[in-house]
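In: no sequence for this one, just the structure:
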């Protein structure tokens, strides 16, 4: 999908409440729409709303703007905080804006989850004929008014269709992104979007229409796979994509070994399903290219992330013991054999090489596609493998700064790209489903 391309004639409408319908009819149209999905975020959403309001007033004073809070049935007063949140523009040295900010606070329908909340935001953007849109998380503590300029301006002023966030993060924060989603997405589709599941995005009204016309809203995407789905669909459709530097994203990081299996299953399932949908695109993509990056880059302090390497390696080795028969079906014989020495090696020698890890991920993608086992079994059995690779990365980067560790992630991406022919060959092998 490129700017000015033909959109589908069939419009799939998303149901809105009568109250929301009335508000949308009242506004008729808007230049900019900012969406905030929420569910019981009373402690943080007031700050987010104020930052959005200040950003729109400061950087887009002449534009018609609407803020949409798409809520999942909060019972803690979240919606009331959104309605009451105001910012004193004079204290921020912002003059009177010529267009006041309108707020639409609405519940969303469908499967509970972030994706369903986004669907309602996309629908309102379509009906209001929004030119540029953004969505930001409701639990952000580090959002500033500048985020709104950086997410919206590339669309509103530069003609881009999709703006991915670029954050600085601790080297052990976002390990699913660093070890799987970034190198895999970059290799598949040829765009170096560093945070493809970052959570805060800018996009054109036309791209919002494209999203609405996809038949995913009763699937897992509607729950938790929406971020990677949005990024991948943007690239695969031919949209103009870029990134904006937002500094640090402050949230509540977790130990990569703690309570992550569900998230890994959701994200990996979405990535693998998208591979099936878009083989015609990624099967012929070779190498990768840098993506335009807007914003002033600067060093920021990042919150520490505590990791338990012993527990991760223990889980990996338990997997070798308990899941051996399953791994034999998921992994190619050579891949499986290369993992065996890790069962007994000394802790300080525990390493999963970049090239081996790339083949582990590729084998899992092929096993998922070929349904060698029920798909949820394939995804759940992947968790110990992921923890093993994360432990390997931690041991390899203990003495490095987060900036220096980024060089190791770049090396991993290059290993994924180098071995892409292995993935394509395995993908095209005859199989029975």
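Out: Yep, it's here. Computed from a predicted structure; not experimentally measured.

In: From now on I want contacts and neighbour counts done on CA atoms only, so please keep to that.
Out: Will do.

In: And the residue nearest to the spatial centre of the chain, how far from residue 124?
Out: Central residue of the chain (CA atoms, centre = their mean): residue 197, 1.4 Å from the mean position. Distance, residue 197 to residue 124, by CA to CA, to the nearest Å: 23 Å.

In: Helices of the stretch 151-300 of the chain, start to end?
Out: 175-176, 182-189, 205-212, 226-236, 261-277, 279-282 (DSSP state H, counting those that start in this stretch).

In: typo on my end, it should be the stretch 301-433 of the chain
Out: 309-322, 324-330, 333-339, 354-370, 375-381, 383-397, 402-418, 420-427.

In: how about the ones you listed, which one is nearest residue 250?
Out: Nearest to residue 250, of all those, is helix 402-418, at 15.4 Å by CA to CA.

In: Mean pLDDT, mean neighbour count and distance to residue 28 added to the helices of the stretch 301-433 of the chain, as CSV?
Out: Converted to CSV, those look like this (pLDDT from 0 to 100; neighbours: other CA atoms under 10 Å; distance: least, CA to CA, whole Å):
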stretch, mean pLDDT, mean neighbour count, distance to residue 28
helix 309-322, 94, 18, 54
helix 324-330, 95, 17, 53
helix 333-339, 96, 14, 58
helix 354-370, 98, 22, 45
helix 375-381, 95, 18, 44
helix 383-397, 96, 22, 48
helix 402-418, 96, 18, 46
helix 420-427, 97, 17, 48
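
In: closest one to residue 86 among these?
Out: Smallest distance to residue 86 across those (CA to CA): 36.6 Å, for helix 402-418.

In: report the angle between the axes of the closest one and helix 182-189?
Out: 40 degrees (axes from the mean of the first three to the mean of the last three CA atoms, to 10 degrees).

In: Which other helices and strands does helix 402-418 contact?
Out: Applying 3 or more CA pairs under 8 Å, 6 or more residues apart in numbering; DSSP states H and E, one finds that helix 402-418 contacts helix 182-189, helix 354-370.

In: Please compute how far that helix lies from its chain's middle.
Out: Here the centre of helix 402-418 is set off from its chain's centre by 19 Å, with CA atoms, centre = their mean, to the nearest Å.

In: Can you list the low-confidence ranges for the stretch 151-300 of the chain?
Out: By pLDDT under 70, the low-scoring segments of the stretch 151-300 of the chain are 222, 224, 251-259.

In: picking up where we left off before, mind putting the helices and strands packed on helix 402-418 in CSV, distance to residue 207 included?
Out: Formatted as CSV, the helices and strands packed on helix 402-418 follow (distance: least, CA to CA, whole Å):
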stretch, distance to residue 207
helix 182-189, 18
helix 354-370, 28
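
In: and of the ones you listed, who's closest to residue 170?
Out: Nearest to residue 170 among the helices and strands packed on helix 402-418 is helix 182-189 (15.6 Å), distances taken as CA to CA.

In: Counting by contacts, list what that closest one packs against.
Out: For helix 182-189, the packing partners by 3+ CA pairs under 8 Å, 6+ apart are helix 226-236, helix 279-282, helix 402-418.

In: mind listing what's buried in the first one?
Out: Spelled out, that is helix 226-236. Neighbour counts using 16 or more other CA atoms under 10 Å place 226, 227, 228, 229, 230, 231, 232, 233, 234, 235, 236 of helix 226-236 among the buried residues.

In: excluding its backbone neighbours, what's nearest the second one?
Out: I take that to be residue 227. residue 197 (4.9 Å; CA to CA, 6 or more residues apart in numbering).

In: related to what we said a few turns ago, now the helices and strands packed on helix 182-189 in a markdown table, with distance to residue 371?
Out: Output for the helices and strands packed on helix 182-189, formatted as a markdown table (distance: least, CA to CA, whole Å):
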| stretch | distance to residue 371 |
| --- | --- |
| helix 226-236 | 21 |
| helix 279-282 | 17 |
| helix 402-418 | 23 |
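
In: Identify whichever of these lies nearest to residue 332.
Out: Across the helices and strands packed on helix 182-189, residue 332 has its closest neighbour in helix 402-418 (16.4 Å, CA to CA).

In: what's in contact with the closest one?
Out: Here helix 402-418 makes contact (CA atoms under 8 Å, 6 or more residues apart in numbering) with 169-171, 178-179, 182-184, 186-187, 287, 354-355, 358, 397.

In: who touches the residue nearest to residue 59 when sequence neighbours are not counted in this structure?
Out: Nearest non-adjacent residue to residue 59, counting by CA to CA, 6+ apart: residue 149, 6.1 Å away. Going by CA under 8 Å, 6+ apart, residue 149 touches 55, 56, 59.

In: Just the buried residues of those residues.
Out: Neighbour-count burial (16+ other CA under 10 Å) applied to those gives 55, 56, 59.

In: Looking at the residues you listed, which are in strands?
Out: Secondary structure from DSSP state E places none of these in strands.

In: Format those as a markdown table; extra columns: pLDDT and distance to residue 89.
Out: Below are the buried ones among the contacts of residue 149 laid out as a markdown table (pLDDT from 0 to 100; distance: CA to CA, whole Å):
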| residue | pLDDT | distance to residue 89 |
| --- | --- | --- |
| 55 | 96 | 10 |
| 56 | 96 | 11 |
| 59 | 95 | 12 |
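
In: Which one of those residues is nearest to residue 420?
Out: Distance to residue 420, by CA to CA, is smallest for residue 55 among the buried ones among the contacts of residue 149, at 41.9 Å.

In: pLDDT wise, what is the nearest residue to that closest one once chain neighbours are set aside at?
Out: Nearest residue to residue 55 in three dimensions, chain neighbours excluded: residue 145, at 3.9 Å (CA to CA, 6+ apart). We have a pLDDT of 96 for residue 145.

In: so residue 145 sits right up against residue 51, yeah?
Out: Yes. Between residue 145 and residue 51 there is a contact at 4.7 Å, judged by CA atoms under 8 Å.
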